[in-house]
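**Q** sequence below, structure please.
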Amino acid sequence: MPEPTQVYTTRIHGLWNTRHEFADEEAVLGSLSVKRDLWGAPESGAWQPEKGEVYLFRRDPGLLRGQFSMWTDTREWLGSSLRWSYMRREFSLHNGGKPFRLLPSPLLGKGWVLYAPKTGESARIEGSLLGRGTRIEVYRRLDFPLLVFAYFLASQSFLEGLWPGPTAEQGLERTGGSSL
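**A** Sure, this is the predicted structure:
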């Protein structure tokens, strides 16, 4: 496993409608707020940075849980996600370029891994089992909006990430990339 090029941490505030505060080694970058409906399912979110562009996440109409889209506050589309089945613990992310896959970590514990089609593991999102914090390690060049979007999806499904997921080779097979 290579050394991460960037490390972020998050702290979660609130119980029903949560606020996730992002920070790097130097300062707080912004916060992600998640709004839930009466049944507890996330229906929208908003990334509010300390400086920079605001991102909005909204549930797309449909029956599947992971069907979200990401927009700027000026209504520019940045990406979408889809979870093909209730039984599969996998999110497909599209941002106009290459498709990514968000899969549970191959290790036992709360975590998700973001795979790129050709280069493999791009980022790892690891939550603490008892705490309300998360560590995000970035291994390859990655757009920050895509990272926030992946975290938004993973934060909804952290309990599903407890059981180990596929290995790096299996994750690449699912994205259609080459082996490491």
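**Q** what segments of this protein are strands?
**A** Residue ranges of the strands in the chain, as given by DSSP state E, are 6-13, 18-23, 28-36, 42-49, 55-59, 68-72, 77-82, 91-94, 100-104, 111-116, 120-127, 133-138.
**Q** quick check, pLDDT for Thr167.
**A** Here the pLDDT value assigned to Thr167 is 59.
**Q** cool, and the one 5 residues further on?
**A** As summarised for this prediction, Leu172 has a pLDDT of 54.
**Q** need the nearest residue in space to the most centrally placed residue in the chain, chain neighbours excluded.
**A** In the chain, the C-alpha closest to the average C-alpha coordinate belongs to Ala150, at a distance of 1.8 Å (C-alpha atoms, centre = their mean). The shortest distance from Ala150 to any residue other than its chain neighbours is 4.9 Å, reached at Leu114 (C-beta to C-beta, 6 or more residues apart in numbering). (Each C-beta comes from the backbone N, C-alpha and C, glycine too.)
**Q** what about the one you found, neighbour count?
**A** Counted by other C-beta atoms under 10 Å, the residues lying close to Leu114 total 28.
**Q** how far away is the closest residue to Leu78 other than its chain neighbours from Ala46?
**A** Nearest residue to Leu78, sequence neighbours excluded (C-beta to C-beta, 6+ apart): Met70, at 4.5 Å. Using C-beta to C-beta, to the nearest Å, Met70 is found at 10 Å from Ala46.
**Q** overlap in contacts of those two?
**A** Among the neighbours of Met70, those also in contact with Ala46 (C-beta atoms under 8 Å, 6 or more residues apart in numbering) are Tyr55, Leu56, Phe57.
**Q** OK, contacts around the last one?
**A** Same thing as Phe57. For Phe57, the residues meeting the contact criterion (C-beta under 8 Å, 6+ apart) are Ser44, Gly45, Ala46, Trp47, Phe68, Ser69, Met70, Trp71, Phe149, Phe152.
**Q** burial check on Glu53, number of neighbours?
**A** For Glu53, the number of neighbouring residues by other C-beta under 10 Å comes to 13.
**Q** now the phi/psi pair for it, please.
**A** Per-residue torsions, Glu53: phi -90, psi 140 (degrees, to the nearest 10).
**Q** much appreciated, bye for now.
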